[in-house]
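Q: one predicted model, sequence on top.
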Amino acid sequence: MTQTFTAKLNGSRVGFKKVDLIRAVVAGKAYTEAKRALKFMPNKGAELLGKVLSSAAASAKEKGVADRDLVISEIVVNKGMYYKRVHPASRGRMHKIQKPTTHITVKLNAVEEKKEDAKK
């Protein structure tokens with residue numbers, strides 16, 4: 001049975017689409033490979049996704065699973081609430097400003113390496 005480790009980040013101040021583009025790049029990769037790819041991305045979403053990924057790996061390490069045995073099984077990026085602000089306009093009017101938030105969930109699976117039999 002494979003072990004699953006989960007980490008969540010709710011309400012991060014970055015747009016949903018910006019994080020979703022980065023999710024598509026690292027989904028399904030090994031933990032070390034994904035962490036290396038995120039390290040060189042200049043986006044704020046990459047930094048946040050890297051922190052959530054590290055958090056899930058830390059919970060795996062606490063259970064005694066090595067980083068090299070972890071694979072990203074699922075990354076879920078959902079829209080959060082919008083912070084609503086206003087910008088003053090002419091003639092006493094106001095223009096809406098909506099600042100989006102994002103919920104990020106990462107699930108890692110521990111992959112057990114198959115040991116070859118010496119009887120061959």
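A: Everything's here; your move.
Q: show me the helices in this structure, by range?
A: For the chain, the helices defined by DSSP state H cover 16-26, 31-39, 44-62.
Q: quick one: the longest one to helix 16-26, angle?
A: This points to helix 44-62. On the basis of axes from the mean of the first three to the mean of the last three Cα atoms, to 10 degrees, helix 44-62 is oriented at 50 degrees to helix 16-26.
Q: same check, this time on the shortest one
A: Helix 31-39 and helix 16-26 are oriented at 140 degrees to each other (the same axes, to 10 degrees).
Q: need the helices of the chain in a markdown table with distance to residue 76 and mean pLDDT, can you?
A: (Glycine included, C-beta is placed from N, CA and C.) Output for the helices of the chain, formatted as a markdown table (distance: least, Cβ to Cβ, whole Å; pLDDT from 0 to 100):
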| stretch | distance to residue 76 | mean pLDDT |
| --- | --- | --- |
| helix 16-26 | 8 | 95 |
| helix 31-39 | 15 | 96 |
| helix 44-62 | 11 | 96 |
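Q: pLDDT at the nearest residue to residue 63 once chain neighbours are set aside, what is it?
A: Nearest residue to residue 63 in three dimensions, chain neighbours excluded: residue 3, at 6.7 Å (Cβ to Cβ, 6 or more residues apart in numbering). On pLDDT, residue 3 comes in at 92.
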